[in-house]
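*Asks:* Got a sequence here, can you build the structure:
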Amino acid sequence: MSLKDSELVHRIKNKDKEAFVVLFDKYKGRIVRFLYGFFGDYGKAEDATIETFLKVYKNIHNYEERGSFQSWLFTIAANQGRLEIKRTKRRKEISLDMPIENDDAARLVDLIEDEKLRPDTDIVVDDLKDFIYRILSEMKEKYADIIRLCDIEKLSYEEASQVLNCSPFTVRTRLRRARVKLYKLAKKYKDAL
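*Replies:* Next comes the predicted model:
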């Protein structure tokens, strides 16, 4: 029998560590996928997910059960994603996907032999995900966030409005605009290929 979020939160507030593990297992995959949308890097998404859940554990006593736990969790994850992006911009990193010298086809990652398989091994799906996340990275944050929350994570307008601290009407309006922008950018990229 699975427990509701409110029951798990109540148990966690009463120092039940097993309840936290259940909550972590319930949401880990969705949070990793959500944060992957911020970075386009599975390792960074996993690290940010751990940081997100550490913040949840440390701040669970601040959670007021007026809104849904899921919205509160995604708010923390979104804030963690933005924080990591700011940190990354401050320090110079070398991307393994970066082209070597002037050869766009050769990448650093191709030079590294790694036996570890990525969880998403379907090449076509990977290419499509990379394409979408590249487009999202070029969109304004408010539009990219709304696509990630509503279209990728399937949050309702009400839940997304709690995460983004705006009205459900604003979510619906932004989502419509974001989809148009996503379509136009995708068409521009496709035409450039």
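*Asks:* quick one: T49 and G81, what's the gap?
*Replies:* Separation of T49 from G81 (CB to CB, to the nearest Å) stands at 10 Å. Just so you know, the C-beta spots here come from the backbone N, C-alpha and C atoms, and that holds for glycine as well.
*Asks:* Ends of stretch 128-147, what's the gap?
*Replies:* 15 Å (CA to CA, to the nearest Å).
*Asks:* how about the helices of the chain, start to end?
*Replies:* In the chain, the helices defined using DSSP state H lie at 5-13, 17-39, 42-59, 69-90, 108-111, 123-138, 141-146, 157-164, 168-192.
*Asks:* What mean pLDDT does the fifth one get?
*Replies:* For helix 108-111, the per-residue pLDDT values average out at 45.
*Asks:* Which of the helices of the chain has the lowest mean pLDDT?
*Replies:* The weakest mean pLDDT among the helices of the chain belongs to helix 108-111, with a mean of 45.
*Asks:* Quickly list the domain ranges of this structure.
*Replies:* Annotated domains of the chain cover 1-89, 120-193 [automatic domain parsing].
*Asks:* Now render those as CSV, adding mean neighbour count.
*Replies:* Output for the domains of the chain, formatted as CSV (neighbours: other CB atoms under 10 Å):
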stretch, mean neighbour count
domain 1-89, 16
domain 120-193, 15
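*Asks:* sorry, back to before: between T49 and G81, what contacts are shared?
*Replies:* L35 (CB atoms under 8 Å, 6 or more residues apart in numbering).
*Asks:* Please name the residues that touch V163.
*Replies:* Neighbouring residues of V163 by CB under 8 Å, 6+ apart: 71, 74-75, 78, 149, 155.
*Asks:* Same list (these) but as TSV, adding distance to V21.
*Replies:* TSV is the format used below for the contacts of V163 (distance: CB to CB, whole Å):
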residue	distance to V21
S71	22
F74	20
T75	22
A78	23
L149	25
L155	24
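*Asks:* Chain neighbours aside, what residue packs nearest to Q162?
*Replies:* S71 (3.7 Å; CB to CB, 6 or more residues apart in numbering).
*Asks:* And that neighbour, how close does it get to V180?
*Replies:* Plainly put, S71 is 25 Å away from V180 if you go by CB to CB.
*Asks:* L3 touches V22, doesn't it?
*Replies:* Yes: using CB atoms under 8 Å, L3 is in contact with V22, at 6.8 Å.
*Asks:* Surely the residue nearest to Q162 and Y157 touch.
*Replies:* No: taking CB under 8 Å as the definition, S71 is not a contact partner of Y157, at 11.4 Å.
*Asks:* what's the nearest residue to A186 if we skip its chain neighbours?
*Replies:* Nearest residue to A186 in three dimensions, chain neighbours excluded: I135, at 5.8 Å (CB to CB, 6+ apart).
*Asks:* if I pick that neighbour, what's in contact with it?
*Replies:* Listed by CB under 8 Å, 6+ apart, the contact partners of I135 are 182, 185-186, 189.
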